[in-house]
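Asks: coords please:
(one chain, ligands or ions: 2)
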Amino acid sequence: MKKIKVKTPIVEIDGDEMTRIMWQMVKDSLLSPYLDMNLAYYDLQLKNRDATDDRITLEAAEAIKKYGVGAKCATITPDKNRVKEYNLKQEWKSPNGTIRAALDGTVFRAPILVKNILPAVRSWKKPIHIGRHAYGDVYKNCEYRVPEAGKAELLFTDNAGKELFRGTVQDFKGPGVIQGIHNTDKSISSFAKACFTYAYDEKLDVWLGVKDTISKTYDTQFRKIFEEEFQNNWKSKYEEAGLKYFFTLIDDAVARIMKTEGGMLWACKNYDGDVMSDMLGSAYGSLAMMTSVLVSPQGFYEFEASHGTVQKHYYKYLKGEKTSSNSMALIFAWTGCLKKRGELDRTPEVVEFANKLEEAALETVESGVMTGDLVLVATPDPNNRQVTTEEFIREVANRLQKKLN
Ligand code: NAP
Ligand code: MG
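Replies: Ligands and ions are numbered 1, 2, ... in the order given. Predicted structure coming up:
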């Protein structure tokens, strides 16, 4: 069979542990036999980040800026234990954080739905996509343990040293805690642009919920910027496409989401997105059934799985034991990447290949062939059987082969 040509190089970002093993299997069995693609390869396994003083991570981000589209495997974010385990020069920063900052990107997550895994919420029929604003708020805070009675103030001075604002946070009568957080118009605006762009591409309504009734300056700024972005750049496009932008209070959004069919993009502030994406992930079945894509306001895309490197399974694998790790989200990272590449290159045959690969993967699970994480949550059926990491990919490959013939 003649291989399908992918016109523009794709940025491939390799990673760590069990996901690195699965990444290679997916390429060998599901991609390389069928695709003629040039890969701009960046090896972000922890050893190599250490060897290059983490330059490789920045180079990978630059490559995405150059070529536009990439796929990324999961990578270890080192902590103290990892520094020892890998004998690292230092506790390198999260590669996802570095790439996100370099691309000024927003992360969108969506569940992969199959018929035999029902969401914990009965009314949900379609995926709920989450857009997490991945900048600022409590993730870039300044905090202090107040040891005794005293006064905490919020002070702002401009670059000329002039005091523009001073307000009392609290007159403490005894010990307590304080925290200063911030965000910037630029970042909120990039977030809003990314959300409206993504939802328009995916044909989804956009929901935004914040606490502007309580936070009349901070949260209100999110509401204002989204409203401006929508009015100025999207209103007529959305109307034509039959799509809506819906703003409500965050608690109302949470309550309403439980009663909808799904099928919207939920734009979340940083903390809300962190918490709610984990809730959605587990409500839809498994961490391994969540896709994730980083979208920059300039239109660069990095597709990945939302789970980590599945460390525990890797140690079993190293001991030669059988594993049953789920490669669905990694497969969908590749298909997402190929579909976007095909769309930009105007090569429908690449998009079609990716669709067939997705179908093959979904049908495999729907036929009852699944990894351990899914057997636990699937609708009971005599056909259900747990397979190993390799067997699952082989089964997908068999189905794909049939579809391509
Ligand atoms: P994890 O790798 O997501 O795994 C947590 C648990 O979830 C696993 O132990 C496993 O449960 C289950 N799981 C996750 N993915 C699965 C899959 N594909 N198939 C089957 N089960 C799966 O999270 P972690 O153990 O907290 O983190 C491990 C490493 O990943 C850390 O070094 C962290 O820094 C890194 N990480 C990377 C990314 C990224 O690059 N995007 C994201 C998160 C974490 P059972 O053990 O019960 O089977
Ligand atoms: Mg989280």
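
Asks: For the longest strand anywhere in the chain, which helices and strands make contact with it?
Replies: For the chain, the strand with the greatest residue count under DSSP state E is strand 163-172. The contact analysis (3 or more C-beta pairs under 8 Å, 6 or more residues apart in numbering; DSSP states H and E) places strand 163-172 against strand 150-157, strand 176-180. To be clear about C-beta, it is placed using only N, CA and C from the backbone, and glycine gets the same treatment.

Asks: can you tell me the residue of this structure closest to ligand 2?
Replies: residue 274 (4.3 Å; C-beta to the ion).

Asks: looking at the helices and strands packed on strand 163-172, which is closest to ligand 1?
Replies: strand 176-180 (24.9 Å; C-beta to the nearest ligand atom).

Asks: how many degrees apart are that closest one and strand 163-172 in direction?
Replies: Using axes from the mean of the first three to the mean of the last three C-alpha atoms, to 10 degrees, one finds that strand 176-180 and strand 163-172 are set 160 degrees apart in direction.

Asks: quick one on the thing from earlier: partner strands of the longest strand of the chain, parallel or antiparallel?
Replies: strand 150-157 (antiparallel) (DSSP bridges).

Asks: can you list the residues of the stretch 51-200 of the chain near ligand 1?
Replies: 74-77, 96 (C-beta under 6 Å from any ligand atom).

Asks: Report the separation between the residue of the chain closest to ligand 2 and ligand 1.
Replies: 12 Å (C-beta to the nearest ligand atom, to the nearest Å).

Asks: For burial, what's the neighbour tally of that residue?
Replies: Per other C-beta atoms under 10 Å, the neighbour tally for residue 274 reads 16.

Asks: cool, and residue 16?
Replies: Applying other C-beta under 10 Å, I find that residue 16 has 27 neighbouring residues.

Asks: Now do the same contact list for it.
Replies: 44-46, 73-76, 309 (C-beta atoms under 8 Å, 6 or more residues apart in numbering).

Asks: likewise residue 192?
Replies: 225-226, 229-230, 267.

Asks: Out of the residues you listed, list just those in helices.
Replies: 225-226, 229 (DSSP state H).

Asks: Now tabulate the residues you listed in JSON lines and tack on pLDDT, distance to ligand 1 and neighbour count.
Replies: As requested, the ones in helices among the contacts of residue 192 are exported to JSON lines (pLDDT from 0 to 100; distance: C-beta to the nearest ligand atom, whole Å; neighbours: other C-beta atoms under 10 Å):
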{"residue": "225", "pLDDT": "98", "distance to ligand 1": "28", "neighbour count": "21"}
{"residue": "226", "pLDDT": "98", "distance to ligand 1": "27", "neighbour count": "23"}
{"residue": "229", "pLDDT": "98", "distance to ligand 1": "28", "neighbour count": "20"}
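
Asks: Export only the CA atoms of the longest strand of the chain, formatted as PDB.
Replies: Listed next in PDB are the C-alpha coordinates belonging to strand 163-172 (Å, rounded to 0.1, in the frame of the first residue of the first chain):
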ATOM      1  CA  GLU A 163       1.800  55.400  45.100                       C
ATOM      2  CA  LEU A 164      -1.400  54.800  43.100                       C
ATOM      3  CA  PHE A 165      -3.200  52.600  45.500                       C
ATOM      4  CA  ARG A 166      -3.200  51.500  49.100                       C
ATOM      5  CA  GLY A 167      -6.000  49.500  50.700                       C
ATOM      6  CA  THR A 168      -6.300  47.500  53.900                       C
ATOM      7  CA  VAL A 169      -6.500  43.800  53.400                       C
ATOM      8  CA  GLN A 170      -7.100  43.100  57.100                       C
ATOM      9  CA  ASP A 171      -6.500  44.500  60.600                       C
ATOM     10  CA  PHE A 172      -5.300  41.300  62.200                       C
END
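
Asks: who's in contact with that strand?
Replies: 146, 148-158, 176, 178.

Asks: how about that strand: buried residues?
Replies: By 16 or more other C-beta atoms under 10 Å, the buried positions in strand 163-172 come out as residue 172.

Asks: with the ones in helices among the contacts of residue 192 in mind, which one is nearest to residue 209?
Replies: residue 226 (10.7 Å; C-beta to C-beta).

Asks: And the closest residue to the closest one other than its chain neighbours, what's its pLDDT?
Replies: Closest residue in space to residue 226, ignoring its immediate chain neighbours: residue 192 at 4.8 Å, by C-beta to C-beta, 6 or more residues apart in numbering. Per-residue pLDDT puts residue 192 at 95.

Asks: just residue 281 next, same as before
Replies: 85.

Asks: excluding its backbone neighbours, what's nearest it?
Replies: Nearest to residue 281 is residue 290, by C-beta to C-beta, 6+ apart, at 4.8 Å.

Asks: before we move on, back to that, could I get the helices and strands packed on strand 163-172 as JSON lines with mean neighbour count and distance to residue 302?
Replies: Below are those laid out as JSON lines (neighbours: other C-beta atoms under 10 Å; distance: least, C-beta to C-beta, whole Å):
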{"stretch": "strand 150-157", "mean neighbour count": "12", "distance to residue 302": "35"}
{"stretch": "strand 176-180", "mean neighbour count": "13", "distance to residue 302": "31"}
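
Asks: Make JSON lines out of those strands and add distance to residue 134.
Replies: Formatted as JSON lines, the helices and strands packed on strand 163-172 follow (distance: least, C-beta to C-beta, whole Å):
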{"stretch": "strand 150-157", "distance to residue 134": "25"}
{"stretch": "strand 176-180", "distance to residue 134": "19"}
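
Asks: Tell me where the stretch 201-350 of the chain has strands.
Replies: 205-210, 245-249, 264-268, 290-295, 301-305 (DSSP state E, counting those that start in this stretch).

Asks: Any chance of the backbone angles for the closest residue to ligand 1 within the chain?
Replies: Going by C-beta to the nearest ligand atom, ligand 1 is nearest to residue 308 of the chain, at 2.5 Å. Main-chain torsions, residue 308, degrees, to the nearest 10: phi -90, psi -160.

Asks: Pull the number of nearby residues for the residue nearest to residue 373 when sequence neighbours are not counted.
Replies: Sequence neighbours aside, residue 286 is the residue nearest to residue 373 in space, at 4.6 Å (criterion: C-beta to C-beta, 6+ apart). As a burial measure, residue 286 scores 23 neighbours (other C-beta under 10 Å).
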